[in-house]
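Q: take a look and give me a structure for this.
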Amino acid sequence: NPVPHLGRLEATNPCGEQWLHDGDVCNLGSINLSKFIRNGKLDEERLKYVTRMSTRMLDNVIDISDFPVEKVNQRFRDNRRVGLGLMGFADLLYQLRIGYDTQEGLDMARYTMKLINETSIDESIKLAEKKGVFPNWEKSIFGPGGANIRRRNAALTTVAPTGSISMILDCSSGVEPFFALAYYKEVMGGQKLPYVNQFLERELKDRGLFSEEIMDKIIKSGSIQGIPEIPEDMKKVYVTAMDIGAADHTLMQAAFQEHVENSISKTINFPNSATMEDVENGYILAWEKGCKGCTVYRDGSRQEQVLNLHKEEKTPEQALTHAEEANGRPHRSLEVDATDELKKNKICPECKSTVKMAEGCILCITCGFSACAV
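A: Numbering: from 1, shown residues only. Sure, this is the predicted structure:
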């Protein structure tokens, strides 16, 4: 479903929410790639058809939407920006038996995203022939002074976080690998919801490897890499976010960025042992490879995180001690106190407005403050 809301994907906070900028608007839709495998191959014709219909649908959303601020309405219609993206990429790789952190994985990312992007552009050109170009066309890079391509929309593709909708559809989020093959997602009220990967479970059963003992090991670690009973060919395919090196995460984002007009919501996962130099090098690599944005996360750097493996839980005091040891310096206690107070009172410390939960993080819609950035 399209999700029109205030914001812009060029800048994201560590949880992937969109910030407010200049009254611009996001009009998002995501194609579930896990549904496009037929006879062990990507169903290209079906994907092209869905891409064309999705482009038309998102363009129609612009015409039927109405915002209370006229500046927002005007910007929305003058540029007619849409954000067609995807989710379920990791599911697609599992079904094709391709490792995420392999050259095959990067090639599939480029191929799939190029198909979606070029098809969406072609459909936008056809829409322009029938309905006209976007009002700011002459001022844009697509106008007479630039590429001189008559299209209906100033921008067409992006990759949004899809955190909640991918859970509803039981597929991987955006272009991310699975965080874990079996894990708990912590939601409001501290409730933990268990998830087990359907493709892994099916293959374990097909190969006669499924057992309560093995499933218990997977749930405890979230990964199959350290389980000797599971064959190596499966370990190469069923990799998770923490099985993949930070550089490989960045290379995957860069592969998609080659054929994405807007930016990409993607987490570059670092292990808890990562140093400041490691993170710095990660940002530099993202810049060198042409990524429009880069969000890094070092495991365990927050006391509470949305996705959690079923490991022995630490007390707040233990978590702080662990962070101090990893950083080589005392952990901030004032920020922890501020976050606790924020959760208790639900009042933004910046503008005093009421905050709300969005994509698993406490967010102030008024000023954009996020507890995840603290």
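
Q: so where's the chain uncertain?
A: 1-24, 183-188, 194, 302-345, 350-374 (pLDDT under 70).

Q: contact partners of stretch 132-148?
A: Here stretch 132-148 makes contact (Cβ atoms under 8 Å, 6 or more residues apart in numbering) with 77-80, 149-154. Heads up, the C-betas are built off the backbone N, CA and C, glycines and all.

Q: got CSV for the residues you listed, with distance to Asp66 too?
A: Formatted as CSV, the contacts of stretch 132-148 follow (distance: Cβ to Cβ, whole Å):
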residue, distance to Asp66
Arg77, 10
Asp78, 15
Asn79, 17
Arg80, 15
Ile149, 29
Arg150, 27
Arg151, 24
Arg152, 20
Asn153, 19
Ala154, 20
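
Q: and the buried ones among the residues you listed, selectable in ChimeraX?
A: Buried members of the contacts of stretch 132-148, defined by 16 or more other Cβ atoms under 10 Å, are picked up in ChimeraX with:
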select :79,80,150,151,152,153,154
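
Q: do a quick rundown of the strands in the stretch 201-350 of the chain.
A: Using DSSP state E, counting those that start in this stretch, the strands of the stretch 201-350 of the chain run over residues 267-270, 295-298, 307-308.

Q: picking that back up, of all the contacts of stretch 132-148, which two lie farthest apart?
A: Greatest spatial distance among those (Cβ to Cβ): Arg77 and Ile149, at 19.8 Å.

Q: which one among the contacts of stretch 132-148 gets closest to Ile116?
A: Asn153 (14.2 Å).

Q: shouldn't that closest one be in contact with Ser124?
A: Yes - with contact defined as Cβ atoms under 8 Å, Asn153 reaches Ser124; the gap is 4.9 Å.

Q: quick check: neighbours shared by the two?
A: Jointly contacting Asn153 and Ser124 under the rule Cβ under 8 Å, 6+ apart are 55, 59.

Q: please, where are all the helices along this protein?
A: 44-64, 70-79, 89-96, 103-131, 163-168, 198-206, 212-221, 232-237, 246-257, 276-288, 316-327, 334-345 (DSSP state H).

Q: any idea how far the fifth one is from the middle of the chain?
A: Averaging C-alpha positions (Cα atoms, centre = their mean, to the nearest Å) puts helix 163-168 11 Å from its chain's average.

Q: the residue nearest to the spatial centre of the chain and Gly83, how far apart?
A: Closest residue to the average C-alpha location of the chain: Pro161 at 3.2 Å, with Cα atoms, centre = their mean. Computed as Cβ to Cβ, to the nearest Å, the Pro161 to Gly83 distance reads 12 Å.

Q: repeat that for Gly282.
A: Gly282 is 25 Å from Gly83, by Cβ to Cβ.

Q: which of the two has more residues huddled nearby?
A: Neighbour count, other Cβ atoms under 10 Å: between Gly282 and Gly83, Gly83 has more, with 28 against 21.

Q: adjacent strands (with direction) for the longest strand seen in the chain?
A: Assignment by DSSP state E gives strand 25-32 as the longest strand of the chain. Strand pairing for strand 25-32, determined by DSSP bridges: strand 3-6 (antiparallel), strand 83-87 (parallel).

Q: would you mark the buried spots in the last one?
A: This points to strand 83-87. By neighbour count on 16+ other Cβ under 10 Å, the buried set for strand 83-87 is 83-87.

Q: was I right to think Ala255 contacts Glu104?
A: No - using Cβ under 8 Å, Ala255 is not in contact with Glu104; the gap is 11.4 Å.

Q: between these two, who's got more neighbours?
A: Counting neighbours by other Cβ under 10 Å for Ala255 and for Glu104 shows that Ala255 has the greater number, 21 against 13.

Q: residues contacting Asn32?
A: Taking Cβ under 8 Å, 6+ apart, one finds 86-88, 169, 171 in contact with Asn32.

Q: typo on my end, Thr119
A: Contacts of Thr119 (Cβ under 8 Å, 6+ apart): 47-48, 51-52, 55.

Q: same check on Leu92?
A: Counting by Cβ under 8 Å, 6+ apart, Leu92 touches 33-34, 36-37, 42, 108, 112.

Q: out of the buried residues of strand 83-87, which comes closest to Ser273?
A: Closest approach to Ser273 among these (Cβ to Cβ): Met87, at 30.1 Å.
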